[in-house]
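Novice: Next input, structure requested:
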Amino acid sequence: MLEINAVYSIQLCSGEVRLWKYLGEGKGGRVWWNDQDSGTIFNEESILYAWQILEKQVA
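Specialist: Alright, predicted model coming up:
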């Protein structure tokens, strides 16, 4: 289970690793994230590429 406001390392299908903060589930069951590098807030439905969670980052 993912922890709200925790940061996770995410591997994109290109092999690039990004840091995303898990913001939780919003209206309509959409799951929201915040890309820590760009500051972009987005939901999983808007992602057009494959990705996977690697690990939770330790603060």
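Novice: For Ser14, what are phi and psi?
Specialist: With angles defined as degrees, to the nearest 10, Ser14 sits at phi -80, psi -10.
Novice: er, Ser46 actually
Specialist: Main-chain dihedrals, Ser46, degrees, to the nearest 10: phi -90, psi -10.
Novice: Let me see the confidence value for it.
Specialist: pLDDT, Ser46: 93.
Novice: Take the top strand by length along the chain, keep the C-alpha atoms, and write them as PDB.
Specialist: As assigned by DSSP state E, the longest strand anywhere in the chain is strand 17-25. C-alpha atoms of strand 17-25 as PDB (Å, rounded to 0.1, in the frame of the first residue of the first chain):
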ATOM      1  CA  VAL A  17      14.100   7.100 -13.000                       C
ATOM      2  CA  ARG A  18      12.000  10.000 -11.600                       C
ATOM      3  CA  LEU A  19      10.900  11.000  -8.100                       C
ATOM      4  CA  TRP A  20       7.100  11.200  -7.700                       C
ATOM      5  CA  LYS A  21       5.200  12.100  -4.500                       C
ATOM      6  CA  TYR A  22       2.000  10.100  -4.000                       C
ATOM      7  CA  LEU A  23      -0.900  12.400  -3.300                       C
ATOM      8  CA  GLY A  24      -3.600   9.800  -3.000                       C
ATOM      9  CA  GLU A  25      -6.900   9.200  -4.500                       C
END
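Novice: Just the residues contacting that strand, thanks.
Specialist: 2-12, 31-37, 41, 54, 57 (CB atoms under 8 Å, 6 or more residues apart in numbering). Placement of C-beta: from N, CA and C, glycine included.
Novice: switch the cut-off to 6 Å
Specialist: 2, 4, 6-11, 31-36 (CB atoms under 6 Å, 6 or more residues apart in numbering).
Novice: same deal with stretch 3-16?
Specialist: Here stretch 3-16 has contacts from 17-22, 24, 49-57, using CB under 6 Å, 6+ apart.
Novice: Most neighbours of all the contacts of strand 17-25, which one?
Specialist: Of all the contacts of strand 17-25, the highest neighbour tally under other CB atoms under 10 Å goes to Trp33, namely 23 neighbours.
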